[in-house]
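Enquirer: Predicted model follows, preceded by the sequence.
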Amino acid sequence: MNSCILMAQIVQDPQLRYTADNLAIAEMLVEFAGTRADDPPATLKVVGWGNLAQEIQQNYHQGDRIIMEGRLAMNTVERSPGVKEKRAELTVQKIHSLGMGEVTSYASSTKAENPPLAQPTEVAASRSVASPASASTKRYEPEPVPQYTPAERTSHPVMTPESDVDDIPF
């Protein structure tokens, strides 16, 4: 099963285009922190299809922080004659906003509905706001993550069985 959940920031506005069959495709670039503190941020191409593509283009913009759920794929691109480069691409199936406003979640499913992911408290609180203008004045402040401290290990002596003095093997 190929499933990826990623929290990132949009660095390029979604671009909407259509296939020959008139199916909408939205493409955008997102950026997320590297694995180490001194690593530069990583950039990833994100693609949405169908109704989700149109909703991404309408509701998400550069600078928005989002959580995406989808499938990760590696594509080979020819940069110049004889030079090939592999690039990762996320085909998004669900998207959740971490920022301000009314947009919270869209799913591109003609399949059975999956249960929704847990939503940040600020996003859930912004749903009850009467006007979008007042919701845009709130800022999302992530809750501090408690630091992990490993439990102390205690050693116990290993019990050794007494030697069997019988000649009988059972």
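Expert: The structure has been received and is ready for your questions. Owing to the predicted nature of the structure, the values given are computational and were not obtained by experimental measurement. Numbers count the residues shown, from 1 in each chain.
Enquirer: what's the neighbour count on residue 87?
Expert: 12 (other Cβ atoms under 10 Å). (Glycine included, C-beta is placed from N, CA and C.)
Enquirer: State the next helix or strand along the chain beyond the helix ranked longest in the chain.
Expert: Longest helix in the chain by number of residues (criterion: DSSP state H): helix 50-59. As assigned by DSSP states H and E, the chain's next helix or strand after helix 50-59 is strand 65-80.
Enquirer: Buried residues in that following strand, which are they?
Expert: Neighbour counts over strand 65-80 (16 or more other Cβ atoms under 10 Å) mark 65-70 as buried.
Enquirer: same question, stretch 7-15
Expert: 8-10, 14.
Enquirer: Those into a markdown table, with extra columns for secondary structure, distance to residue 59 and pLDDT?
Expert: As requested, those are exported to a markdown table (DSSP: H, G, I helix; E, B strand; the rest coil; distance: Cβ to Cβ, whole Å; pLDDT from 0 to 100):
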| residue | secondary structure | distance to residue 59 | pLDDT |
| --- | --- | --- | --- |
| 8 | strand | 16 | 92 |
| 9 | strand | 15 | 92 |
| 10 | strand | 11 | 92 |
| 14 | strand | 9 | 92 |
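Enquirer: Quick check: residue 87 vs residue 38, distance?
Expert: 23 Å (Cβ to Cβ, to the nearest Å).
Enquirer: quick one: least confident helix or strand in this structure?
Expert: Here the helix or strand of the chain ranked lowest by mean pLDDT, DSSP states H and E is helix 121-127, holding a mean of 40.
Enquirer: beta partners of residue 69?
Expert: Taking DSSP bridges as the rule, residue 69 bridges to residue 5, residue 94.
Enquirer: give the contact list for it.
Expert: 3-5, 92-95, 117 (Cβ atoms under 8 Å, 6 or more residues apart in numbering).
Enquirer: swap the cut-off to 6 Å and go again
Expert: By Cβ atoms under 6 Å, 6 or more residues apart in numbering, the residues touching residue 69 are 5, 93-94.
Enquirer: and what of residue 48?
Expert: Counted by Cβ under 6 Å, 6+ apart, residue 48 has contacts 26, 56, 92.
Enquirer: hmm, back to that, tell me which two of the buried residues of strand 65-80 sit farthest apart.
Expert: Using Cβ to Cβ, the two most remote members of those are 65 and 70, lying 16.7 Å apart.
Enquirer: which residue sits closest to residue 96, ignoring its sequence neighbours?
Expert: Closest residue to residue 96 apart from its sequence neighbours, by Cβ to Cβ, 6 or more residues apart in numbering: residue 67 at 4.4 Å.
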